[in-house]
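S.K.: no sequence on this one, just coordinates:
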């Protein structure tokens, strides 16, 4: 019995060994004969990487298709980890980096400087500016665990010492060459910050000259790992045109990358920073391509573009290039004539019937080409040219508020079109006196608009009350955002609700002050222009917009923004007509009449002034809202000039804009004569 058991066990073992041998033989056959080429390729390939290829941004054009922002090709210098020495070879890495730095300095090229340290004498300091959150954030990043791994209270010298140790720069420090150590550290820091790897090459210099490109290519061993990449750079047909609308583009920062990497953004990508570049970022950025990099066991690198990048969509703006240029020119002229050094202002032109912004200018302004080079200087200038006054500037509107008051009083029935109030220069509310600019005598609503009679509108205010005043103000969009794509201020509609925020009491005297555009009222030029357009078109308030359409680069399909009527004001056609007639009288008989009489187009308007104190001296800001043609309104214009003295003094800007618009636009509709037949 034992022999039989032992024999069976031996037989089973032999069978198991035989099966195992057959398995090995089959694997050997599969590798050596059947799938030899596949396994040979696998054996030769160490790793495969995917490298993103940046797409060119979409173009920005004006309403007529005239290019405003395009792209040009240039050369950037990137460090490619496929060829660059490994992180353990500090000396070799530093040799190549200093060679590049010397070349960049010799040829006047700008290269990365994102390490927030500087050398002042023989002292290492933080590279900071007062109230500059950008550098505060950069210092925090430098000390973080992923970078130098220091406590947040670490000094600049602590950071420098950590940098020296991390990048093997001790020899430069021992020789006293702190400057070179810091320059090399700047580039090495950028590689760390941007997660340098084979799949993530890092750009160290943008838009370099052909001379620099040639030297790198001709001396490859001196610049091992440095590669030349063709890149698309923003180019402006006129870099001074509409900078506050178009906006700027810059490299993505760490916080943005963390939030957007799941949407396909790379740490080296560019992103719209402001204006339309930021507002239309999802469409302008394009679709990145891909390059596959393979490195075999012998270190041979093979690169192949496996997906071509696709340029972003074209954004068509509502603005007219030439009208925008004229608005900027005339705005600058009048500001300089008012006070060459201190006067600032804004002007907005809108299509009354669809909310398209045809032009919007802010003065002083800046050059998009110089934005980053001169940023430090620009932010320090007293008049702040980076500040967008037509969208962010809020002003007490003065008497430009009165057409709204007239509309509200007529519609609520507290006055009729033939109601008269006597203006004898003084108006009393309890123990307070409020004045008019003159003693106008008896005024009705039309003449009160023409003469800008405060007394008439004080009477309207006491009959209406602040709640009704603000109800109509809101209807017209005053103290509310207009809906444009770029950042804008909300402004303030004066009243008890606003005062409550500051534990302040609203008194009867405040109501009459608010009625003439004073008190706490603060509105943007965009709001004033849209409010004027709403009166002009008979009571429809449209959402303002700068983007007319978007043209898909992939399909050529045009996506129109369209017209969005936010609200139809509940006011009778006759009451609107009465207000329009009063505004027409301003253009015919008021302060701006001399200027407007010199153009062929009939206009209606309202002037305004508001008092400001500059360095202890009282000045008046000037405002003017206008629409044209009077009989068939098409455009509205709002201007705000600081220190102008009066609204009438701004009329030259408006008349120039209207005259230009109708001398270059054949779409003006003539009013239908009474008694004519439609054929």
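M.R.: Received, thanks. All values reported here derive from a predicted model rather than from experimental measurement. Residues are numbered from 1 along each chain as shown.
S.K.: what's the span of stretch 160-176, first residue to last?
M.R.: Using CA to CA, to the nearest Å, the end-to-end distance of stretch 160-176 comes out at 14 Å.
S.K.: now do that stretch, average pLDDT.
M.R.: Mean pLDDT, stretch 160-176: 95.
S.K.: next, the buried residues of it.
M.R.: In terms of neighbour count (16 or more other CB atoms under 10 Å), stretch 160-176 has its buried residues at 160-164, 166-169, 172. (Glycine included, C-beta is placed from N, CA and C.)
S.K.: what comes into contact with it?
M.R.: Contact with stretch 160-176 is made by 90-91, 93-94, 115, 117, 124, 148-150, 154, 178, 180-182, 184-185, 188-189, 192, as judged by CB atoms under 8 Å, 6 or more residues apart in numbering.
S.K.: apply 7 Å and report the result again.
M.R.: 90-91, 94, 117, 124, 148, 150, 180-181, 184-185, 188-189 (CB atoms under 7 Å, 6 or more residues apart in numbering).
S.K.: show me where the stretch 301-450 of the chain has strands.
M.R.: Counting by DSSP state E, counting those that start in this stretch, one finds strands in the stretch 301-450 of the chain at the ranges 301-307, 314-317, 345-351, 357-363, 421-423, 426-429, 432-435, 441-443.
S.K.: helices or strands up against the third one?
M.R.: The reference is to strand 345-351. Under the contact definition 3 or more CB pairs under 7 Å, 6 or more residues apart in numbering; DSSP states H and E, strand 345-351 sits against helix 321-338, strand 357-363, helix 525-536, strand 635-641.
S.K.: list the buried ones in the first one?
M.R.: Judged by neighbour count (16+ other CB under 10 Å), helix 321-338 contains these buried residues: 321-328, 330-332, 334-335, 338.
S.K.: which one is residue 73 nearest to, not counting chain neighbours?
M.R.: For residue 73, ignoring the flanking residues on the chain, the nearest one in space by CB to CB, 6 or more residues apart in numbering is residue 230 at 5.6 Å.
S.K.: swap that for residue 408, please
M.R.: residue 472 (3.8 Å).
S.K.: what sits against that neighbour?
M.R.: 404, 407-408.
S.K.: between those residues, which sits nearest residue 646?
M.R.: Residue 646 lies nearest to residue 404 out of the contacts of residue 472, by CB to CB, at 20.0 Å.
S.K.: surely the closest one meets residue 471?
M.R.: No - counting by CB atoms under 7 Å, no contact exists between residue 404 and residue 471, whose distance comes to 10.8 Å.
S.K.: those two: who's more crowded?
M.R.: residue 404 (25 against 14; other CB atoms under 10 Å).
S.K.: just to revisit the earlier point, tell me what angle the host helix or strand of the residue nearest to residue 408 forms with helix 525-536.
M.R.: Per DSSP states H and E, residue 472 falls inside helix 466-475. Taking axes from the mean of the first three to the mean of the last three CA atoms, to 10 degrees, one finds helix 466-475 and helix 525-536 inclined to each other by 90 degrees.
S.K.: report the buried residues of the next helix or strand after helix 466-475.
M.R.: Once the chain leaves helix 466-475, the next helix or strand it forms, by DSSP H and E, is helix 496-500. Neighbour counts using 16+ other CB under 10 Å place 498-499 of helix 496-500 among the buried residues.
S.K.: now helix 496-500: average pLDDT?
M.R.: 94.
S.K.: restricted to helices, list the buried residues of stretch 160-176.
M.R.: 160-164, 166-167, 172 (DSSP state H).
S.K.: strands of the stretch 501-650 of the chain, residue ranges please.
M.R.: 540-542, 547-551, 558-560, 565-568, 604-614, 617-628, 635-641.
S.K.: among those strands, which is nearest residue 461?
M.R.: Among those, strand 604-614 comes nearest to residue 461, with 16.3 Å by CB to CB.
S.K.: any weak-confidence spans in the stretch 51-200 of the chain?
M.R.: For the stretch 51-200 of the chain, the stretches flagged by pLDDT under 70 are 129-133.
S.K.: how about a cut-off of 80?
M.R.: 51, 128-135 (pLDDT under 80).
S.K.: strands of that one, residue ranges please.
M.R.: According to DSSP E, counting those that start in this stretch, the strands that the stretch 51-200 of the chain contains are 60-61, 67-79, 117-120, 123-126.
S.K.: between helix 321-338 and the longest one, find me the angle.
M.R.: Just to be clear, that refers to strand 67-79. 90 degrees.
S.K.: can you spell out which helices and strands pack onto strand 67-79?
M.R.: Partner elements for strand 67-79 (3+ CB pairs under 7 Å, 6+ apart): strand 60-61, strand 202-208, strand 226-236.
S.K.: pick the most deeply packed of these.
M.R.: Ranked by mean neighbour count, the helices and strands packed on strand 67-79 are led by strand 60-61 with a mean of 24 (mean count of other CB atoms under 10 Å).
S.K.: in the protein, what helix or strand scores lowest on average pLDDT?
M.R.: Each helix and strand of the chain was given a mean pLDDT (mean pLDDT, DSSP states H and E); the minimum falls on helix 36-44 at a mean of 47.
S.K.: pLDDT value on residue 14, please?
M.R.: pLDDT, residue 14: 68.
S.K.: ok so, going back, make a markdown table out of the strands of the stretch 501-650 of the chain and add mean pLDDT and distance to residue 498.
M.R.: Supplementary listing: those in a markdown table, determined by pLDDT from 0 to 100; distance: least, CB to CB, whole Å:
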| stretch | mean pLDDT | distance to residue 498 |
| --- | --- | --- |
| strand 540-542 | 98 | 21 |
| strand 547-551 | 98 | 32 |
| strand 558-560 | 96 | 38 |
| strand 565-568 | 96 | 21 |
| strand 604-614 | 87 | 17 |
| strand 617-628 | 91 | 21 |
| strand 635-641 | 97 | 21 |
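S.K.: can you say which of those is packed in most?
M.R.: Of these, strand 635-641 is the most buried (mean count of other CB under 10 Å), at a mean of 31.
S.K.: packing partners of it?
M.R.: Strand 635-641 packs on helix 321-338, strand 345-351, helix 525-536, strand 617-628, helix 651-663, going by 3+ CB pairs under 7 Å, 6+ apart.
S.K.: export these as TSV, with columns for distance to residue 290.
M.R.: Converted to TSV, those look like this (distance: least, CB to CB, whole Å):
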stretch	distance to residue 290
helix 321-338	37
strand 345-351	43
helix 525-536	42
strand 617-628	53
helix 651-663	48
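S.K.: out of those, which gets the lowest mean score?
M.R.: Mean pLDDT is lowest for strand 617-628 among the helices and strands packed on strand 635-641, at a mean of 91.
S.K.: okay then, goodbye and thanks.
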